[in-house]
Structures are given as structure tokens and as C-alpha cells.
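K.L.:
Provide a 3D model corresponding to the input given below.
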Amino acid sequence: MSDDFDIRLRAGLRALADAVPTNPAVRRAATDEPRTMGPRVRTSMPIGSLLVAGLVVVALIVIGPRLAPVAPASTSPSGTASTVVSASPSSSVSPSATPAPGSGSPTVGPSFTGGLVGTFIRTGAMQTPRSFFFSATRLQDGRVLVAGGDSTTGNGSSLASAELYDPKTGTFSATGSMSTPRYSHTATLLKDGRVLVAGGGNGQQELSSAELYDPKTGQFSATGSMLTGRLRFTATLLANGKVLIAGGQGAVGAIAEAELYDPTTGTFSATGSMTIGRIGPTATLLIDGRVLVVGGTSVNEPVPYTPADVYDPKTGTFSATVPMPSTREWHTATRLADGRVLIAGGDDGTATAFSSAEIYDPKTDTFSDTGEMTSRRLGHGAALLADGRVLIVGGTGHETADPFATAELYDPITGTFSPAGSMLTPSFGLVATTLLDGRVLILGEDAELYEP
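P.N.:
Modelled structure (predicted):
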């Protein structure tokens, strides 16, 4: 039963990928504006002309600021003032620059100058094309480990290969492969710098095996297996160094049982169970050390759940929260700088996305509505920026519709979303990873960088 569900799900996602334009001319259409250059400046001028030019410059410096509108300043979560630039759909796009073949240098994409916040640029391509359900984990040295996923060959096979993205060079390079091909798995950075890769599927069954990636050697090695094979589950690093495994799809449907991985012993053990089984939930580590598990659904019950579960590592038990205002799956959940959690988008089991968002406050254990996104989205990506805002990218409005290229920003101070330009390539089921330098690596149909 779970294999059929998985095959149908992956087939639908692949149809979305096929809807993305592949003609390079189409993708460049927005940036193929002719570059214009001003007149050349003569190297010799009469003294009188120089004096007049100097007076004009001085006048512009003194009077200009009084004529130009000044953007309002807002206070970031750190307490420093930052300039706020409003978004405008009529913003101009500068032409792109493409490096010489084989140079490995990032390709500069649209630079939005008419008020849109941030810039999307092309970066190096992945060594292995990956369709969906791969993992991207930022290592302690700033590189990003990309592992597994669904093959783009169309034969429904999963991948064992892995690669590393280096933000300094903007390139991907191959690293050791996993011992088991897998997709819809989890990849969790441990406190000692290694990465725990667990579970997932291979097209035939849900996997219980797990392995560890050591960035010092660039190799994977086997570790203990989970008690239950599962895919589309969550894995959260706790303050004590253990990893909480929760939810997912197993051989019998939605899984409520949770388990803990102990890196000191390399073994998994049972812990408390959620109040209900969940496929595809999100799990967010709260500031106080607890874990919020939100949304998800069941194969037999397509309507997502409104109550959330909170795991307390001190007691090893889950407890139900008050119900969310909306049911959600294929949503995102991002912890804000002040400890609250932004839950955005998704659908209610009807395959049609919605634009609503809500905030969970762990201090009061309550959900409340916040501003709506500018677009309905499911299967999108989300990343917390250094200034406290949240970048929302890609996704789609319906499981059978074309994917989006648009992006938007959530401001936790005003509780509103605003447009933030567009990616170079529309993408669904993407992964957004915040880098150490504040940029965001976006992996989907292509590899791109968002520069705030």
C-alpha cells in the first residue's frame, strides 16, 4: 500500500519538473536586455569646463539628498537599524553575465534594482542531477553536503551518490557515496561535525538503515539501524546531542512512534509516541529545547491534522497543543529569532495550495494568524536570513500546476510578506540552505544563490 502511494507521489512531482521550460532561450528571456554604455569621457578638458563640472557635482551632493526620497529605517532583531526597501513588480532587471565554459565561476543572474529586495544568481551545477527528495546539510566548515534523492532518469530509481558545495568557489565536487541508495531520508548535522543519514525509500520499501558521513575523510560508514523503516519523517538534533526521529510513512501507513539516535553508542532506541501518526510533518527545535511537530497526513486519511505535538526531551513524551487555525501538509516551519515559529503555505489535502500563514508562540502554546503570502504555495522552500526575515521561494499553487520562480520575504516585525524577485528557474520540492556568509543556497531544478 505504501509503495503505490509513493510511486503516485513521485510521478506527480516528476510531471511538475517536466513542466519547467528547458529551452535556454526561454530561461534567459528575462535577462536578455541590451547593455548600454554612456559616452566616453575625454581625458583632456579646459580648466573652465573642469570648474563648472566641479560646481555641478558639489551642488548634487548638497541638494540631491533633499530631493530624493529616503527609505524608512527599521530595527532588526539584533537592535541595529537597517534600511527597508519596498518591493515593486515593475523593477528593472539587468543583463546576466555568463563565464567561459569550464571556468567554474558562478553565473550572475538578474540583479533587481527597482526596489526588489535581494538578488538571485546562478552558481555551479551539481555533479549529479537530482530530481526530488534529496538532502542538503550545512557542515561546520560552511560547505554543504548534498546526498541521495530521486534520479532524473525517469526510471524511479534512487541515488547513493553525494557531493559537496563550496560557497567560496561556487562549485560542487564529488565525495564518497552512501552504502544504500535512498530518497525522502533525513540528514542531520551532529555536534561532532559528522552527519547522520537515516531512513528513506528506494522504490521498493521504506528503509531502516542509517549511516554516518565524516567530512574529515569524505566517506560514509554504517551505524545502527532505526527500529522502524520510514520515509518522509523528521530528524531533529536535541540539546543533549541525540537525534529525535518522528513520524513518517512506514509499511503500515502513518507512523506515530518516535525514536532517539545516540551518537555515542551508534544506536537507536524507542521514546514516547506522538498523539497521532504523521506523514510529511515538519519538526522545529524550540529555544527551550522542546520540539514542535506540525502538520502531516495519513494515506488513509488525506486531510492533514490541526493539532500539533510537542516533544519534551526531559520526560521523553509528546503532548498535544491547541489546534492550528489551518490543516497543513507540504508546508514549511521556520523558527524566528525571537523563538516563535512561522508556519507557511501547504495544502489541506485537496492538492490546492493556500497563502495563509500562522505563528506558534511557545511561551503561550498558542497559534495565531499572521499576514498572508503574496502567492499560494506548497512544496516551497524557506530559509531564515541573518537580519531575522524569512525567505520563501518556489513551490506551486496546485500539485498539477507549473512550479513558481517567484520569491517573497516575511518580516516578523510587521507580520507581513512582500515580493522578493524571482529565481532564474521555477522549482518545486526545492531545498533552501542558509550559508555562513548569509546567502542562501537553493537547490531544485538548478542550483542558485540568493544574496540578501
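
K.L.:
number of residues surrounding residue 404?
P.N.:
Under the neighbour criterion other C-beta atoms under 10 Å, residue 404 is assigned a count of 23. For the C-beta atoms, the positions are set from N, CA and C on the backbone; glycine is no exception.

K.L.:
my guess is it meets residue 396, correct?
P.N.:
Yes: counting by C-beta atoms under 8 Å, residue 404 sits close enough to residue 396 to count as a contact (6.0 Å).

K.L.:
which residues are common contacts for those two?
P.N.:
For the pair residue 404 and residue 396, residues contacting each of them under the criterion C-beta atoms under 8 Å, 6 or more residues apart in numbering are 377, 428.

K.L.:
tell me which residues of stretch 188-201 are tucked away?
P.N.:
By neighbour count, and taking 16 or more other C-beta atoms under 10 Å as the criterion, the buried residues in stretch 188-201 are 188, 189, 190, 194, 195, 196, 197, 198, 199, 200, 201.

K.L.:
kindly apply the preceding question to stretch 206-223 instead.
P.N.:
Within stretch 206-223, judged by 16+ other C-beta under 10 Å, the buried ones are 206, 207, 208, 209, 210, 211, 212, 213, 215, 220, 223.

K.L.:
spell out for me which residue occupies the centre of this protein.
P.N.:
Here the mean C-alpha position of the chain is nearest to the C-alpha of residue 432 (C-alpha atoms, centre = their mean), at a distance of 2.4 Å.

K.L.:
with just CA atoms, put the strand or helix carrying that residue into PDB.
P.N.:
With secondary structure defined by DSSP states H and E, residue 432 is part of strand 431-434. As requested, C-alpha coordinates have been extracted for strand 431-434 and formatted as PDB (Å, rounded to 0.1, in the frame of the first residue of the first chain):
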ATOM      1  CA  VAL A 431      15.800  22.800  -0.600                       C
ATOM      2  CA  ALA A 432      16.900  26.200   0.700                       C
ATOM      3  CA  THR A 433      20.000  26.300   3.000                       C
ATOM      4  CA  THR A 434      21.400  29.400   4.700                       C
END
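
K.L.:
show me what the next helix or strand after that strand is packed up against.
P.N.:
Using DSSP H and E, the helix or strand that follows strand 431-434 in sequence is strand 440-443. Based on contacts counted as 3 or more C-beta pairs under 8 Å, 6 or more residues apart in numbering; DSSP states H and E, the elements that strand 440-443 packs against are strand 390-393, strand 431-434, strand 447-451.

K.L.:
list just the one of these that sits closest to residue 262.
P.N.:
strand 431-434 (26.0 Å; C-beta to C-beta).

K.L.:
what helices or strands is that closest one leaning on?
P.N.:
Under the contact definition 3+ C-beta pairs under 8 Å, 6+ apart, strand 431-434 sits against strand 135-138, strand 381-384, strand 440-443.

K.L.:
next, count neighbours for residue 328.
P.N.:
Residue 328 is surrounded by 32 other residues when neighbours are defined as other C-beta under 10 Å.

K.L.:
quick one, what contacts it?
P.N.:
Each residue near residue 328 by C-beta under 8 Å, 6+ apart is listed here: 294, 295, 304, 343, 345, 346, 347, 348.

K.L.:
hmm, 10 Å instead?
P.N.:
By C-beta atoms under 10 Å, 6 or more residues apart in numbering, residue 328 lies in contact with 280-282, 294-297, 304-306, 308, 343-349, 354, 356-358, 378.

K.L.:
could you do residue 221 as well?
P.N.:
176, 179, 194, 211, 212, 213, 214, 266.

K.L.:
now swap in residue 365 and tell me
P.N.:
Going by C-beta under 10 Å, 6+ apart, residue 365 touches 292, 308, 310, 319, 321, 322.

K.L.:
so what's the closest residue in space to the residue nearest to the centre of the chain that isn't next to it in sequence bridging to?
P.N.:
The shortest distance from residue 432 to any non-neighbouring residue, by C-beta to C-beta, 6 or more residues apart in numbering, is to residue 381 (3.5 Å). Each beta-bridge partner of residue 381 is listed here: residue 393, as defined by DSSP bridges.
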